[in-house]
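Undergrad: Next input, structure requested:
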Amino acid sequence: MLKEIFYVPFYSKTRDMLIMKSIDVIKSGKRVVYVLPSREAMFDVRDKFITYNGGITDTDIFGFEDLEKQICGDFIKDYTLISSYEIREILRNILHKICDNSYYEKVKGKAGFVKSVLSFIKVIKRKMINPNELKSIADSIDRPTFKDKLKNLAYFYESYEEYKIKRKLIDVDDISIKAVELFQNTNYFNNVGLIIVDGFINIDYVNMKLIGEMAKSNRYDIYINIPFKNEFNESFIRNGIIKDLCELGFNVNNDIYEMIEVNHDVKKVATYIYSGETVLNGEDLSIKIMNSPSIEHEVRETARLIKRKIVFDKINPDRIAVFIKNIDNYRTQIIDIFDEMNIPVKINRGIKLSTMPITNDIYNLISYKLNHDYESFVNIMTSKFLVPYEISKRSREIIDLLSGIDRDKDNFEDEFVTAMKDDKSLNATFEFLKRYVDVFINFREVPYKDTKEFVESVLKVIDLLEIDFNIKALFDMGIIRSSDFISNVKALETIKQILNKELEIKKQYGEPSIDDIENFQNDILDMLSNFDVSIRNLDFEGVRIISPDLARGQMYDVVFILGVNEGVLPSTKSINPIFDLSDEEYLEKHGIYMLSRKWEFEREKVRFNACIASALKEVYVSYRTTDEDGCNMIKSPFIDDLQNLFDEKSKKRLIAPIVYMKDRFAFECDAASKDEALLFMIDSKWNKRQGDANTIYSNILENDLYLTKSYSYINFSASIEKKRRANCEVDNHMGIISKDANLKELSDIHLSASSLNSYVVCPFKFFIETLLNLHVSDEFIESKKSIGSLYHEVLMKYYKDNLDLYDVNEDRLGEIIDESFEKITGIENDIIFDKIKQEFHNVVFQLVKDDISNRLYYYNKTGAELIPSIFEKKFEMKDHYGGNIFHGKIDRIDLERNIDGKFTGKYVIYDYKSGGIDGIRQCIEGLDFQLPTYYMAVENILKEEFNIEYPKCLGLLYYSIEKVKRNGIVLALYKKDLFKGNSGPRDVVGENNFNVIIDWIEKKGIENIDKIKTGIFNLPDECPFENLSFNCAYKSICRYDKYAMGRGENSVV
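TA: Here you go, the predicted model:
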């Protein structure tokens, strides 16, 4: 009987040829077994069977897992199959018992470690290595640490297997192993005439052993189809799957087969990628390389292209595929945008359970019981799901009351009840509110001795709150839509099922204890993250959204590959963090591939090639320039491999120019949806864009009443906004000062970075305090300012003339604090005074200690020292911000001193803040001018007063005194010297871009200064105090109304 490997180039018609052979076998009265690696490939093969044979008979088309279950059917009946969640609980229990005094003792309870051990055991089992064989491998290792690691892992593996045997449990990998052992006893292969294994780029050891067992029989032919041949990238497949199959007695069939008819350019790309050769030239090739600054933009541009293919090129949506590595990150945007454009799409439309508000509310219940925290209590009391609408509709009043109580007290709930009782506006609902507060307090106070009792108490309170009734009431009142009603009811039931499942797992496989609560939280979060809530079934027709791993020989007319970025495709991270690179290399010598970085990279190369080769007519490849947090993303090296195929002339046409974040909302006039048409019309009207959009889309306006109303509504709002700038009568009401106003001269305003910041936050508040010179006394604010000033004073005195650069001089610090606190008055109670001073001392001590650690780290990294040298430096600056005079005071400047004791010119600016601190984004967005302004001043100060000819800034940093944290603007080149490990700002600045950013911020500052000097003091679009726990001091005289702002009517001071 034949045992052949068809290792053929992309686009070979071997799959069609094998299906025709299958049909001949079926006609001869025999059965066919067709094994494939993915559901998409299975659909493709089934469609071909139907096309060639009119239907599917006497053929099993499935994966290895289903084949194994067919072989092990009788065996499985006698055992209980456990899920990954149950395996995790079993392993956790085992590790907790046997990890003492082992290499892994300190991490035995960590969720990540349990997950890594589970992953390791799975790999080892699929290599068919038993615990004793693993111990032998460990004994042969001459590296003590690695040897200890592996021996411990062998012991965990052995204990896990013994646990299962005692309780008659099996996991999916046991079925794979057992299929090999039971193969000779099965009658499943009776009357089988042909076995085909098609579309695999690698086959793990246990499945290869099963193929070996099948190959021993002479009753049927076995064909292995590997249609992924690229002569410039063969090592992974030749040294992997082909080598293993040849050792089993298979022969490589080198015949040339008929090729699929495909676009010439696409075929060349699939054939020559990774060659480094330039093989494509011309202006109208069928390959395009695009880029996007966000997922939303990437999906929208893709959808626009797809709609053109469907409408103008008459391509069936089923013949279009979009390959995405991390589909979950794209799902929401794909569903929203494709629906907007009326493009049918085959994608799971489920909502991640962990992202739903009802899930967050129930998790807050759990957190409240565990931690008795104020934030969770606030979220519970204002939830629209946990409490009836009669309570949740008063959420604004509830938040106001809660903001006035001491959140640090153990009995903050009692204080809240007292505040409710005293509030007249809540008199009618006081008893109702109190009843629910009592329910939550009782729930928190019910004792539990282990996780089992804890889960039971959570389930009990969920039933007691009648959440399903609250959801229905919200729907009946029209507050939520029918789809939201269905999804929330399903979510509630799913959450209850998850909690019950976790309870059952704990009972059956764990040993619930009070120490297991942290793991319980992690398990629940993990389960919530892995469940989707669906309100409509998966569409079986439409554009295919597929993972690159599923490109296994099926063909589409047009292919899009999105998110082709470094770290995504290819993903080069190690799958198992237990092992480092040297460990992985050693394991590979023993045939144990832990999905190492190198192995995974080579597999990703084949996958990317297979994605391209899935296209018959056109290929679009897209990468992102920034992630969803705004950080830079690097394009994949596969993009470079692709670009190398084009000549320089082609590159200019086929590689799209960089799309910047500011351009992501720019639409062309050929809108792909009504929403895009509306946005284009608005943009054209108010921003003077090209063309007359009203003429272009007049037919849409005539035929769509909703669109017409939206267009008119937005135009009306925009016209009101325009009047704020043009009409004097409106101006006075809007907060723009007329020229004849009898106010303080605008030209005399004292300008500083902090005054600019104040103006940006709220021009009206700036107007009240700066021009009208009105100030409201607030004890809390004054107290915070007083403490802040005291911090500055103490730190300046401590660092000035301090010779202990790398040790905290506690005596000196104590003396300075004692001296400073002598000036404090108003605290008559000595005990309170001493407590405040001690807390103050602790805060400053921790900051100085952290600062020393940072400077010592810099010294060890660079060999140079950063010396705190300049303190509370006042300045007056007139050569920036358009020549306006700026005043300020810089808290501290650290100068770098080399080994010879000379200043090098490098420096760091520090600005102390008591609490939270911002970073570079606020500066770039024009919301924070402080650090950039200090930089402008320091450059002149160092040149003129310290004779430093070429100052070099390393960073402009805020230093939070109470949080002991630094953030701000850091040059990328120096971040690794200033910050340890992964700490520090995520956003850094390249040396070439630093001055560009400073100039940009200065430009934004000049714009605001011009507004101040022309009397523009409009209200902000969003009140900065709207969502804070305390109100603005000027609320009583402010005209801000968020609802009016939302309508665009009378949104004025």
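Undergrad: gap between the two ends of stretch 88-107?
TA: End-to-end span of stretch 88-107 (Cα to Cα, to the nearest Å): 15 Å.
Undergrad: From Q643, how far out is S425?
TA: Going from S425 to Q643 by Cβ to Cβ, to the nearest Å gives 66 Å. From N, CA and C alone the C-beta is placed, and that goes for glycine too.
Undergrad: Ignore what I typed, I meant F833.
TA: Distance from F833 to Q643, by Cβ to Cβ: 70 Å.
Undergrad: Kindly report the same for F75.
TA: F75 is 53 Å from Q643, by Cβ to Cβ.
Undergrad: With Y974 instead?
TA: Distance, Y974 to Q643, by Cβ to Cβ: 32 Å.
Undergrad: the more surrounded of these two?
TA: A count of neighbours by other Cβ atoms under 10 Å puts Y974 above the other of Y974 and Q643, at 20 against 16.
Undergrad: Going by neighbour count, list what's buried in the helix or strand containing H297.
TA: Taking DSSP states H and E as the criterion, H297 maps to helix 295-311. Within helix 295-311, the residues that count as buried by 16 or more other Cβ atoms under 10 Å are 295-307, 309-310.
Undergrad: Assign the nearest residue to S176 once chain neighbours are set aside to helix, strand or coil.
TA: Leaving out its chain neighbours, the residue that sits closest to S176 by Cβ to Cβ, 6 or more residues apart in numbering is V206, at 4.6 Å. Of the three states, V206 takes helix according to DSSP: H, G, I helix; E, B strand; the rest coil.
Undergrad: V206 - how many residues pack around it?
TA: Neighbours of V206 (other Cβ under 10 Å): 20.
Undergrad: My guess is it contacts M128. True?
TA: Yes. Counting by Cβ atoms under 8 Å, V206 does reach M128; the two are 5.5 Å apart.
Undergrad: what do those two both touch?
TA: Counting by Cβ atoms under 8 Å, 6 or more residues apart in numbering, the shared contacts of V206 and M128 are 177, 180.
Undergrad: What are the contacting residues of stretch 128-142?
TA: Under the criterion Cβ under 8 Å, 6+ apart, residues 124, 147, 150-151, 153-155, 157-158, 161, 177, 180, 205-206, 209, 586, 590, 592 lie in contact with stretch 128-142.
Undergrad: Give the partner strands of the helix or strand encompassing I61 in its sheet and their orientations.
TA: Here I61 is covered by strand 59-62, with elements defined by DSSP H and E. Sheet partners assigned to strand 59-62 using DSSP bridges are listed as strand 31-35 (parallel).
Undergrad: ok, then the element right after the partner strand?
TA: Downstream of strand 31-35, the next assigned helix or strand under DSSP H and E is helix 39-53.
Undergrad: Could you tell me the angle between that following helix and strand 31-35?
TA: Taking axes from the mean of the first three to the mean of the last three Cα atoms, to 10 degrees, one finds that helix 39-53 is oriented at 150 degrees with respect to strand 31-35.
Undergrad: Could I get the buried residue list for helix 39-53?
TA: 40-42, 44-46, 48-49, 53.
Undergrad: Same question for stretch 806-817.
TA: Within stretch 806-817, the residues that count as buried by 16+ other Cβ under 10 Å are 808, 813, 816-817.
Undergrad: Could I get the average pLDDT for it?
TA: For stretch 806-817, mean pLDDT rounds to 88.
Undergrad: ok now that stretch, how far from the chain's centre?
TA: Put simply, stretch 806-817 sits 43 Å off its chain's centre (Cα atoms, centre = their mean, to the nearest Å).
Undergrad: Show me what it is in contact with.
TA: Contacts of stretch 806-817 (Cβ under 8 Å, 6+ apart): 794, 797-798, 802, 804, 837, 840-841, 844-845, 848-849, 852, 855-856.
Undergrad: re earlier: quick one: which of the buried residues of stretch 806-817 is nearest F385?
TA: When the buried residues of stretch 806-817 are compared for distance to F385 (Cβ to Cβ), I817 wins out at 49.7 Å.
Undergrad: Leaving out the residues flanking it, which one is nearest to K649?
TA: Closest to K649 by Cβ to Cβ, 6+ apart is N281, at 6.5 Å.
Undergrad: How about S425?
TA: For S425, ignoring the flanking residues on the chain, the nearest one in space by Cβ to Cβ, 6+ apart is E397 at 6.1 Å.
Undergrad: so which helix or strand takes in the one you found?
TA: Assigned by DSSP H and E, E397 falls in helix 395-403.
Undergrad: So which elements touch that helix?
TA: helix 374-381, helix 412-422 (3 or more Cβ pairs under 8 Å, 6 or more residues apart in numbering; DSSP states H and E).
Undergrad: Convert the C-alpha atoms of it to PDB, please.
TA: Output in PDB follows, covering the C-alpha atoms of helix 395-403 (Å, rounded to 0.1, in the frame of the first residue of the first chain):
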ATOM      1  CA  SER A 395     -26.900  57.900  42.100                       C
ATOM      2  CA  ARG A 396     -25.900  61.500  41.800                       C
ATOM      3  CA  GLU A 397     -27.200  62.300  45.300                       C
ATOM      4  CA  ILE A 398     -25.700  59.100  46.700                       C
ATOM      5  CA  ILE A 399     -22.300  59.900  45.300                       C
ATOM      6  CA  ASP A 400     -22.500  63.400  46.700                       C
ATOM      7  CA  LEU A 401     -23.300  62.000  50.200                       C
ATOM      8  CA  LEU A 402     -20.600  59.300  50.000                       C
ATOM      9  CA  SER A 403     -18.000  61.900  48.900                       C
END
